[in-house]
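# Build me a model from this:
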Amino acid sequence: MGMARRLLVIFLILFSTLALSIFILQNQEPTTLKLAIWTSAPYPLFLVLLIAFVTGIILAGVVSLVELLRMESRLRKTRRMLELLEREVDALRNQPLYEEPPRPGLVTTPTFESRFTHEGQPEDSLDWTERKKIR
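Numbering: from 1, shown residues only. Purely as a prediction, here's the structure:
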């Protein structure tokens, strides 16, 4: 497998070199570039196209690098969140699934229903005169 891969790479390099040489030999005519009021000196067409191709590769690399950095930042944030959630799951795993019922003789906290003393109104909502009447 390793030898076949090397031969394929060597073949692709030789083919690309041959294709580039033919392209250069067939595109020797001078070309000028115009942009608004600027005009360039005449350069061979192959050189203009080669510069445009290399510029495109560089710009695509810069855009890809920016996207890669953004994705790595998101990945770090996601990994931190995953770590926090795994810690929370571990902490919850160690807690009982239900609370033990109170044992007889222990003082318990009042329930929500025990706060209602007079016609369904909470004791806190009654003023002092009404509390006096109830007691």
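
# check contacts around the residue nearest the centre of the chain.
When CA atoms, centre = their mean is applied to the chain, the residue found nearest the centroid is residue 74 (3.2 Å). Not one residue lies near residue 74 by CB atoms under 8 Å, 6 or more residues apart in numbering. Bear in mind the C-beta positions are built from the backbone N, C-alpha and C, glycine included.

# any idea how far the one helix or strand residue 24 maps to is from the chain center?
Using DSSP states H and E, residue 24 sits within helix 2-26. Relative to the mean C-alpha coordinate of its chain, helix 2-26 is positioned 39 Å out (CA atoms, centre = their mean, to the nearest Å).

# okay, the residue nearest to the centre of the chain: pLDDT?
We have a pLDDT of 97 for residue 74.

# now do residue 104
The per-residue pLDDT reported for residue 104 equals 69.

# Over to stretch 39-48 now: how far is its first residue from its last?
For stretch 39-48, the separation between the terminal residues is 13 Å (CA to CA, to the nearest Å).

# So for it, what gets flagged as buried?
Neighbour counts over stretch 39-48 (16 or more other CB atoms under 10 Å) mark 45, 46, 48 as buried.

# Dump the residues you listed into a markdown table; add secondary structure, distance to residue 66 and pLDDT as well.
Compiled in a markdown table, the buried residues of stretch 39-48 are given as follows (DSSP: H, G, I helix; E, B strand; the rest coil; distance: CB to CB, whole Å; pLDDT from 0 to 100):
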| residue | secondary structure | distance to residue 66 | pLDDT |
| --- | --- | --- | --- |
| 45 | helix | 32 | 88 |
| 46 | helix | 31 | 87 |
| 48 | helix | 28 | 89 |
